[in-house]
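I'll drop the sequence and a predicted model, then ask my questions.
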Amino acid sequence: MTNHYQPVGCAVQRTLRNYQQSGQLVELVYRDEAGQVQTIHEVVRDLFSRAGEDFMLTGRGKLVRLDHLILVNGETLAGT
């Protein structure tokens, strides 16, 4: 797994922003820092950029880099 950030498209950010605004519980499948696939059920609390990388903060405080997302509610995000 590479640590080099791969920018995500505006459509991905828009989809996540819609989930954030709705407060809906979503299933998130992503690769953690060790490269292992993780599945969690969370709400999207915040989306932000830091040092040129985009992140999502979940309701329970989990920080996920957006280019590590694989699926959101069973859907592959276009642009990841």
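Everything's here; your move.

For the nearest residue to G23 once chain neighbours are set aside, give me its contacts.
The spatial neighbour of G23 that comes closest, neighbours along the chain excluded (CB to CB, 6 or more residues apart in numbering), is V43 at 5.8 Å. For glycine as for every other residue, the C-beta is placed from the backbone atoms N, C-alpha and C. Contact partners of V43, counting by CB atoms under 8 Å, 6 or more residues apart in numbering, are 19-20, 23-26, 58-59.

For Q38, state which of these is nearest.
The shortest distance between Q38 and any of the contacts of V43, using CB to CB, involves T58 and amounts to 11.4 Å.

Please name the bridge partners of the closest one.
When bridges are assigned using DSSP bridges, the partners listed for T58 are V44.

And it, how far from V26?
9 Å (CB to CB, to the nearest Å).

and the two? which has more neighbours close in?
Neighbours per residue, other CB atoms under 10 Å: of T58 and V26, the larger number sits with V26, 20 against 17.

circling back to that earlier point, what do T58 and V26 both touch?
Here T58 and V26 share the contacting residues 42-44, scored by CB under 8 Å, 6+ apart.

so where do the helices sit in this structure?
Taking DSSP state H as the criterion, the chain contains helices spanning 10-22.

quick one: the spatially most central residue of the chain and G59, what's the gap?
When the chain is reduced to its mean C-alpha position, the closest residue under CA atoms, centre = their mean turns out to be L66, at 4.1 Å. Noted for L66: a distance of 17 Å to G59, by CB to CB.
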